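Undergrad: Pasting the sequence and the predicted coordinates here, then a few questions.
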Amino acid sequence: MKTNNAAFALIREFEGLRTTAYYDTGNVLTIGYGHTSAAGAPRVMAGMKITAAEAAEILTRDVVGAESDVAEMVKVPLTENQFGALVSFVFNLGRGQVASSTLLRKLNAGDYAGAAEQFGRWIYDDGVKLDGLIRRRAAERALFEAGAATPEHEMQTILAALGLYTSKIDGKWGPRSQAALDAFNLARDRIAALSGA
């Protein structure tokens, strides 16, 4: 199974693009879309710089690694959205933490609802509750609990991850979905105007 567009968008949004190496909140050298040396090549070094295109290539490789981890650890059937949510979760936390998690134990026991509840427990970094992790886990849980992906559902999931869609993700396009899309397009147009694109 491959990561769907909604999960890729979720990962890109919450990791953010940084083309110069930096120390993340855990004091780990990071570059691109959350890439660390632990994920494989390239090895991240202080002062390192990459292009946005290189960051996208690295992200694709890193996601393949997270996909492999999910495929190896999960012993029950998954929907495309459940798989994508778990790939984002593993991408962020690493295989080691997920492998020993209650979330994985519940999931492999067939307790999908219990596993979904566990996303909200992973909102701390070094004992500090972080708003970004709260939002990310909420988006991952929403994706995990969603039915089969439709274009409308994926769009709602992406808009929710961006904080623009706050209603229930149900795959039904209505006025709230359209308003969120309009807000996204307005923001995109403003950014383009500011950057001269």
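TA: Yep, that arrived. All values reported here derive from a predicted model rather than from experimental measurement.

Undergrad: domain parsing for this protein?
TA: 5-149, 151-197 (automatic domain parsing).

Undergrad: all helices of this protein, in order?
TA: 5-15, 52-73, 80-93, 95-99, 102-108, 112-118, 131-145, 151-161, 175-195 (DSSP state H).

Undergrad: Tabulate the ones you listed (JSON lines), appending distance to residue 35, mean neighbour count and mean pLDDT.
TA: For every residue, glycine as well, the C-beta is placed using N, CA and C. Output for these, formatted as JSON lines (distance: least, Cβ to Cβ, whole Å; neighbours: other Cβ atoms under 10 Å; pLDDT from 0 to 100):
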{"stretch": "helix 5-15", "distance to residue 35": "9", "mean neighbour count": "23", "mean pLDDT": "94"}
{"stretch": "helix 52-73", "distance to residue 35": "5", "mean neighbour count": "16", "mean pLDDT": "96"}
{"stretch": "helix 80-93", "distance to residue 35": "10", "mean neighbour count": "26", "mean pLDDT": "96"}
{"stretch": "helix 95-99", "distance to residue 35": "15", "mean neighbour count": "15", "mean pLDDT": "95"}
{"stretch": "helix 102-108", "distance to residue 35": "23", "mean neighbour count": "18", "mean pLDDT": "96"}
{"stretch": "helix 112-118", "distance to residue 35": "26", "mean neighbour count": "17", "mean pLDDT": "94"}
{"stretch": "helix 131-145", "distance to residue 35": "17", "mean neighbour count": "20", "mean pLDDT": "95"}
{"stretch": "helix 151-161", "distance to residue 35": "19", "mean neighbour count": "22", "mean pLDDT": "77"}
{"stretch": "helix 175-195", "distance to residue 35": "24", "mean neighbour count": "12", "mean pLDDT": "84"}
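
Undergrad: Out of the ones you listed, which is closest to residue 37?
TA: Smallest distance to residue 37 across the helices of the chain (Cβ to Cβ): 11.3 Å, for helix 52-73.

Undergrad: contacting residues around stretch 77-95?
TA: Applying Cβ atoms under 8 Å, 6 or more residues apart in numbering, the contact partners of stretch 77-95 are 1, 3-4, 6-8, 10-11, 14-15, 34, 38, 62-63, 66-67, 69-70, 73-74, 98, 103, 112, 119, 122, 136, 140-141, 143-144, 146-149, 153, 157.

Undergrad: The nearest residue to residue 20 once chain neighbours are set aside and residue 61: what is the separation?
TA: With sequence-adjacent residues excluded and distances taken as Cβ to Cβ, 6 or more residues apart in numbering, residue 20 is closest to residue 49, at 5.2 Å. Relative to residue 61, residue 49 is positioned 18 Å away (Cβ to Cβ, to the nearest Å).

Undergrad: Then residue 129?
TA: Distance, residue 129 to residue 61, using Cβ to Cβ: 31 Å.
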